[in-house]
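Novice: Have a look at this prediction, sequence included:
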Amino acid sequence: MEVWGFLKLEASGTMVTLTLFVALLALLRWYYLGRRMYVVISEPDMIKQVLVENFINFSNRMASGLEPKPVADSILLLRDKRWEEVRGALMSAFSPEKLNEMTPLISQACERLLAHLKHYAASRDTFDIQRCYCCYTTNVVASVAFGTQVDSQNAPEHPFVQHCRRFFAFCIPRPLLALILSFPSIMVPLARILPNKNRDELNGFFNKLIRNVIALRDQQAAEERQKDFLQMVLDARHSTSSVGVEDFDMVTEALSSTKRTVDPPQRSHPTSMSKPLTTDEIVGQAFIFLIAGHEIITNTLSFITYLLATHPDCQERLLKEVDLFMENHPAPGYCSLQEGLPYLDMVIAETLRMYPPAFRFTREAAQDCEVLGQHLPAGTVLEIAVGALHHDPEHWPHPEIFDPERFTAEARLQQRPFTYLPFGAGPRSCLGVRLGLLVVKLTLLQILHKFRFEASSETQVPLQLESKSALGPKNGVHIKIVSR
């Protein structure tokens, strides 16, 4: 397929686009952007070989070369040995014990959300709950990642809130992005020297904010420091060793039907770091939390709300489970949330199948190699087509139907490996999956304990979609909310 046509189709906002694209390309097909070769894969055995079995040759993500300094130093875009060192050092920040310490910060933000939803329940008006989730997630990210308390719903003039809105409104037009990827030797240096006042101001604001918080934490006694993501990263700053690659995969356990409340013994020996985490790298981790955490959590909550509002039988079953759980856990933490909520886990898993945060993600071949007999030259970019994979009827019968029963403990055992990849797989899968799912579960638990969702005449069925940094509803999610 001609690439410009694909970019135009992808902007149309439907899940069908990527599915049709991959179906046309069959199991393995290539195209070029400029001189760079791209290969789209959706066959599970191929995906397994790229993400796990031959990971050493596909350990890097593709980068455009235009990423600003904070993002370029994040775990998302670090490469080769330095990525391995930083990822290993950050693993401890996402342990069950550390996540349990962050739970009060999330609960505090959730209380503001509940107070706001109470007004909509009293009015019985239809409203866009995605806007509420956007404000809520801004509060969570500000507190957990930036060590800053904000109330974006009631104080939208706060500098952090205003800069977040500007940040997420900023994007590179798709035709320009295609030009940059097609002709990087020309476009990347040109784009770097051209002035971009808006981008520079936004980067400068968040960069300065994080560095100021770091300086403050360094002056505080240990007991005075807020137990948040930023502090967990700061604690890892002085590490002289990091966890080995064999222990990097958090996604498999996080998405399984059996959750851990304590991490198992490490299978690998700690590896020495060439240098401790730098301040730039610490800033980069908070910055990527803003980019990934805000969009993915907002959109996942929005999609789940839409599906529950339009499937009242599923919602009723979930409400019963929530009520029983809250009787036994009035103040739930990370560890208690891993037990006793099997249907909530099923609802979240099925939502992530239907609406994966990323339509696709990439890996870059470091050296010439073969993938199931297909020769791939060094520098080839492999696109793992998650959206197509999750909607392939060969793996998921009637994929357009919302059916949480696909994710019972028994059904999971029958699933073909590498057909469900909402957060990737292997050593370079999503590092923040535990924290993201913690926010989603705790939020839904608190909301559904007090309210139920209802569709209205203004609820768009089916939802129109758009894909920016993550897949989300194009026109919001308009529903009613009812007090219980």
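Specialist: Structure received. As the structure is a prediction and not an experimental result, all values here were calculated from the model.
Novice: so residue 99 is in which element?
Specialist: Using DSSP states H and E, residue 99 sits in helix 96-123.
Novice: Tell me which other helices or strands that helix touches.
Specialist: Counting contacts by 3 or more CB pairs under 8 Å, 6 or more residues apart in numbering; DSSP states H and E, helix 96-123 is packed against helix 129-144, helix 229-235, helix 334-337, helix 433-450, strand 478-483. Backbone N, C-alpha and C define where each C-beta goes, glycine included.
Novice: Would you mind putting these into CSV with mean pLDDT and mean neighbour count alongside?
Specialist: As requested, the helices and strands packed on helix 96-123 are arranged in CSV below (pLDDT from 0 to 100; neighbours: other CB atoms under 10 Å):
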stretch, mean pLDDT, mean neighbour count
helix 129-144, 93, 24
helix 229-235, 88, 22
helix 334-337, 89, 20
helix 433-450, 95, 21
strand 478-483, 97, 19
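Novice: Of all those, which one comes closest to residue 354?
Specialist: With distances scored as CB to CB, the stretch of the helices and strands packed on helix 96-123 nearest to residue 354 is helix 433-450 (14.8 Å).
Novice: re earlier: relative to residue 87, which of the helices and strands packed on helix 96-123 is closest?
Specialist: Nearest of the helices and strands packed on helix 96-123 to residue 87, taken as CB to CB: helix 229-235 at 12.1 Å.
Novice: before we move on, the earlier item: in the helix holding residue 99, what's buried?
Specialist: Using 16 or more other CB atoms under 10 Å as the test for burial, helix 96-123 gives 96, 98-103, 105-106, 109-110, 112-114, 117, 120-121.
Novice: Tell me the pLDDT of residue 36.
Specialist: We have a pLDDT of 80 for residue 36.
Novice: do the one 3 residues further on as well
Specialist: In the predicted model, residue 39 carries a pLDDT score of 89.
Novice: Make sure it is indeed in a strand.
Specialist: Yes - counting by DSSP: H, G, I helix; E, B strand; the rest coil, residue 39 falls inside a strand.
Novice: so what's it up against?
Specialist: Residue 39 makes contacts with 28, 29, 30, 374, 376, 380, 381, 382, 383, as judged by CB atoms under 8 Å, 6 or more residues apart in numbering.
Novice: which residues touch the third one?
Specialist: With contact taken as CB under 8 Å, 6+ apart, residue 30 is in contact with 37, 38, 39, 40, 380.
Novice: Helix or strand: which one has it?
Specialist: strand 28-33.
Novice: Walk me through which strands that strand pairs with, and which way each runs.
Specialist: strand 36-41 (antiparallel) (DSSP bridges).
Novice: In the helix or strand following the strand it pairs with, which residues are buried?
Specialist: For strand 36-41, the following helix or strand on the C-terminal side (DSSP H and E) is helix 44-48. Neighbour-count burial for helix 44-48, counted by 16+ other CB under 10 Å, picks out 44, 46, 47, 48.
Novice: contacts for helix 44-48?
Specialist: 27-28, 41, 371-372, 384, 389, 395, 416-419, 421, 425.
Novice: Just the buried ones from those?
Specialist: Counted by 16+ other CB under 10 Å, the contacts of helix 44-48 give 28, 41, 371, 384, 389, 395, 418, 419, 421, 425 as buried.
Novice: Go through those and say which is closest to residue 363.
Specialist: Of all the buried ones among the contacts of helix 44-48, residue 384 has the smallest distance to residue 363: 7.2 Å, by CB to CB.
Novice: Can you give me the distance of the closest one to residue 59?
Specialist: Separation of residue 384 from residue 59 (CB to CB, to the nearest Å): 14 Å.
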